[in-house]
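# Next come a sequence and a model predicted from it.
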Amino acid sequence: LNYRQASFYKSAAKLSQCPENEGREVAFAGRSNAGKSSALNTLTGSNKLARTSKTPGRTQLINFFDVQDGVFLVDLPGYGYAKVPEAMKKEWQHHMTDYLERREALVGLVLLMDIRHPMKEFDQMMLNWSVSANLPLHILLTKADKLKQGAAKQELNKLKQDLARFPLVSVQLFSSLKKTGVDQLSMKLDEWFLA
Ligand code: GDP
């Protein structure tokens, strides 16, 4: 599929505002600052599809981008700004759980984590959730350019080993800065969308 054709479709503050629950979609999740907006922009070849460096505390929306008829990329709100009030975090969790558990159109989840700080509590939670929901999960170790090639490879292999027991979980290196890992990500998305 040509992910460069993706364009903004709509925003939703909760499940009931999402587009019709039909067709196929892949959701992108990550802790705030993991590089999710940059990765979505890199994948789609746009420098403004997803908004980077969002202001903490801003209304958190689920953003839908359509690639072609019935094929969507979904940008889930970033998680974990320290300054967000507790009530808002609860609200976030409520809407995310709702979305993740009840969205039949969802065929896979892409989880982004900064290669320098992988597998934080949030990431572990998303991993556990997708494994128990039998939802395919693809992990992007982002900002891979921040490490020397050997160190990045080592980090990748370590995580691969840890995740080997989960057949539906895969992991790769990614860098928006160097534009590396884009083809590998596209192939994974194709695999999910075209299955
Ligand atoms: P989001 O909060 O997950 O959407 O993260 P952003 O995409 O806004 O990125 C957070 C910060 O990391 C920004 O300052 C980006 O410029 C930086 N960043 C994102 N991707 C990369 C990358 O591949 N390499 C490097 N070196 N920095 C990156």
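Yes, it's here.
# can you list the residues of this structure near the ligand?
Within the chain, the positions near the ligand by CB under 6 Å from any ligand atom are 30, 32-38, 52-53, 78, 142-143, 145-146, 175-177. The C-beta positions use only the backbone N, C-alpha and C, and glycine is treated the same way.
# give me that answer again for 8 Å
30-42, 50-54, 78, 112, 114, 142-146, 174-178 (CB under 8 Å from any ligand atom).
# Heading C-terminal from the helix or strand hosting A27, find the next helix or strand.
With elements taken from DSSP states H and E, the one containing A27 is strand 24-30. In the C-terminal direction, the helix or strand that comes right after strand 24-30 (DSSP H and E) is helix 36-44.
# From the chain's centroid, how far away is that next one?
From the chain centre to the centre of helix 36-44 is a distance of 10 Å (CA atoms, centre = their mean, to the nearest Å).
# and if you look at stretch 115-135?
Taking CA atoms, centre = their mean, one finds the center of stretch 115-135 at 11 Å from the center of the full chain.
# and what of stretch 15-26?
The offset between the C-alpha centroid of stretch 15-26 and the centroid of the whole chain comes to 16 Å, using CA atoms, centre = their mean.
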